[in-house]
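>>> Sequence plus predicted model, see below.
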Amino acid sequence: MNDRNDNVLAPLQRLEAHGAALGESMIIRRALPHRQRRMIGAWCFLDHFGPVLVANNDGLRVGPHPHIGLQTFTWPLEGEILHRDSLGYVQPIRPGQVNLMTAGRGISHSEESPQPHQPRLHGLQLWIALPESQRFCEPTFEHYPELPVIEHAHDRLTLLVGEYLGQRAPTRVFSPLLALDVHARAEAEIELPLARSFEHGLLVAQGSTRIDGEREALEPGQLAYIAPGRDRLVLRPQADTRLLLIGGEPFKEEIVMWWNFVARSRGEIDQATFDWNAERAFGSVSGYPGPRLQAPLPPWKISEPF
Ligand code: MN
């Protein structure tokens, strides 16, 4: 009935996350950007932190730093994170909630474990590149305490971004995107419909899953890339597996990413770097118990003094 390509699924691309440092002491897994895969839709950054014991230390400490041209998207799985920003928002975030910060033309923020805090920390932070029409917008911050949940006998789906199975997430994004948290409580098959026009990525945060009958299970630290053209994914997870499915229409604009900046040219990054280090243009964050971060110079030759 359909053309035969429907029966021949392109193999999944398995990407290994690489280790990176987050803040003062935490080592995290960075799945995006990856040398073989810069973006999935407008998703341009994907960090998986923990699970890590923070009972006897400060926990997460990321001092004030700037962003331009993106949205930061925070989804904790265990523990609590306190967000502070240059607009004056001070917002704790707990499992089941999303913090979404739209940097637009420029914002600064910090992230920390509150004191005292729960003994474990585990979560995901992603960035969403803003399209040309929005990337210079006024900065905003939104906290979403409740998201649509779809309960099945053996799994629970939480819709974080976009539309899925007749539900719509309240999170405000500016390009066609999806983010879905999948909690498989028992070892049972899950069929996830996919939008054919989207490319997708599946990250394992906890447990493991086989995908479409592939023999080798996807483990924490791995991201499966799924090219556009598929209309479903069949998962066979272990019991108590946590997954994140992200997707979007392939992003058509070429972005330049360096440190905490998403732009379209190196000159824009140079400007943001000098503005932040000169304490211009990004406001200031009050109340963070530590110093602001210094922007590292980009790895290319800076063309002009600012
Ligand atoms: Mn940040």
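Structure received. Numbers count the residues shown, from 1 in each chain.
>>> hey, where'd the helices end up in the stretch 201-306 of the chain?
266-277 (DSSP state H, counting those that start in this stretch).
>>> which helices and strands does the lowest-mean-pLDDT helix or strand in the chain pack with?
Across the helices and strands of the chain, mean pLDDT, DSSP states H and E gives its lowest value to strand 18-22, namely a mean of 87. Applying 3 or more CB pairs under 8 Å, 6 or more residues apart in numbering; DSSP states H and E, one finds that strand 18-22 makes contact with strand 26-32, strand 43-53. In short, each C-beta sits where N, CA and C put it, glycine included.
>>> one more time with 7 Å, if that's ok
On a contact count with 3 or more CB pairs under 7 Å, 6 or more residues apart in numbering; DSSP states H and E, strand 18-22 meets strand 26-32.
>>> Which strands border the least confident helix or strand of the chain, and is each parallel or antiparallel?
strand 26-32 (antiparallel) (DSSP bridges).
>>> and for the partner strand, what are the contacting residues?
Residues outside strand 26-32 that contact it (CB atoms under 7 Å, 6 or more residues apart in numbering): 15, 17-22, 39-40, 43-49, 52, 60, 203, 221, 223.
>>> could you give the angle of it to strand 43-53?
With axes from the mean of the first three to the mean of the last three CA atoms, to 10 degrees applied, the angle from strand 26-32 to strand 43-53 works out at 150 degrees.
>>> which ones are touching Leu243?
Leu243 neighbours (CB under 7 Å, 6+ apart): Val182, Leu202, Leu203, Val204, Ala205, Thr209.
>>> In strands only, show me these.
Counted as lying in strands by DSSP state E, out of the contacts of Leu243, are Val182, Leu202, Leu203, Val204, Ala205, Thr209.
>>> Bridge partners for the first one, pull those for me.
As for beta bridges, Val182 partners with Leu157, Leu243 under DSSP bridges.
>>> Thr158 is in contact with that one, correct?
No. The criterion here is CB atoms under 7 Å, and Val182 misses it with Thr158 at 8.2 Å.
>>> quick one: Pro64 is in a strand?
Yes. Applying DSSP: H, G, I helix; E, B strand; the rest coil, one finds Pro64 inside a strand.
>>> is it true that it touches Gly290?
No. Counting by CB under 7 Å, Pro64 stays clear of Gly290, with 8.5 Å between them.
>>> who has more neighbours, these two?
Using other CB atoms under 10 Å as the criterion, Pro64 and Gly290 rank with Pro64 on top: 23 against 14.
>>> From His122, how far off is the more buried one?
Going from Pro64 to His122 by CB to CB, to the nearest Å gives 24 Å.
>>> do Ile128 as well
According to CB to CB, Ile128 stands 21 Å off from His122.
>>> which one is Pro176 nearest to, not counting chain neighbours?
Using CB to CB, 6 or more residues apart in numbering and skipping the chain neighbours, the partner closest in space to Pro176 is Glu249 (4.6 Å).
>>> Oops, could you answer that again for Ala188 instead?
Spatial nearest neighbour of Ala188, chain neighbours left out: His154 (4.0 Å); criterion: CB to CB, 6+ apart.
>>> same deal with Phe174?
Closest residue to Phe174 apart from its sequence neighbours, by CB to CB, 6+ apart: Gln134 at 4.6 Å.
>>> pretty sure that neighbour is touching Ser175, no?
No. The criterion here is CB under 7 Å, and Gln134 misses it with Ser175 at 8.7 Å.
>>> Distance check, the residue nearest to Phe174 against Ile246.
From Gln134 over to Ile246 (counting by CB to CB), the distance is 19 Å.
>>> before we move on, what about His34?
Going from His34 to Ile246 by CB to CB gives 13 Å.
>>> Comparing those two, which residue is more hemmed in?
It is Ile246, of His34 and Ile246, that has more neighbours when counted by other CB under 10 Å, with 29 against 19.
>>> Run through the residues that contact the nearest residue to Ser284 once chain neighbours are set aside.
Distances taken as CB to CB, 6+ apart put Ser86 closest to Ser284, at 5.8 Å, once the chain neighbours are dropped. By CB under 7 Å, 6+ apart, the contact set of Ser86 is Ile107, Ser108, His109, Phe282, Gly283, Ser284, Val285.
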